[in-house]
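**Q** From the sequence below, what's the structure:
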Amino acid sequence: MAEELNVGDKAPAFSLPDERSETVSLKSLKGKQVVLYFYPKDDTPGCTKEACGFRDSIKSIGKADAVVLGVSMDDAESHARFIKKYGLPFSLLCDEDGTVSKAYGVHKKKNMYGRIYWGIERSTFIIDEAGRLKAIFRKVKVDGHVAEIQAALKE
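**A** From the prediction side, this is the model:
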């Protein structure tokens, strides 16, 4: 089990394939703020609403010199379909084995209709230009979340 991450900690490094199977690493984003959001599954109601919220706010997020990256355990093909269907202007990263989700402490035991399984707990991390955690949002409620992110980026 990963140590609980706190604001000010160095963000766990990652290097994951995106929807085009191109590798995206935290190191390659140095000098920018990164909104790294973890979500359970492509094209499900809450995840779609969250992704579209980021899509609709991408200009103001960009003004904060920030990039948005979504992370789930879906594969590149699923991500590509999700991006195309909703016109998402950012990359979705494939964490199929859950390595990065575990490093960020968002890979949790979940319970749906009495069935226990491992999955991603909706969480967002804002990483500053130097690669440190600037803000952490756990157990995210989709409504109002993008506004919270925008406020945190301006701080």
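
**Q** Just the buried positions in stretch 21-30, please.
**A** Buried residues in stretch 21-30, counting neighbours by 16 or more other Cβ atoms under 10 Å, are found at V24, L26, L29. C-beta: built from backbone N, CA, C; applies to glycine.

**Q** ok, so of those, who is nearest S123?
**A** When the buried residues of stretch 21-30 are compared for distance to S123 (Cβ to Cβ), L26 comes out closest, at 16.0 Å.

**Q** Which helix or strand contains the most centrally placed residue in the chain?
**A** For the chain, the residue whose C-alpha lies nearest the mean C-alpha position (Cα atoms, centre = their mean) is Y37; its distance is 1.7 Å. For Y37, the host element (DSSP states H and E) is strand 33-38.

**Q** Just the mean pLDDT for that strand, thanks.
**A** For strand 33-38, mean pLDDT is 97.

**Q** mind listing what's buried in it?
**A** For strand 33-38, by 16+ other Cβ under 10 Å, it's Q33, V34, V35, L36, Y37, F38.

**Q** Describe which strands it pairs with in its sheet and in which direction.
**A** Strand 33-38 pairs in its sheet with strand 66-72 (parallel), strand 123-127 (antiparallel), by DSSP bridges.
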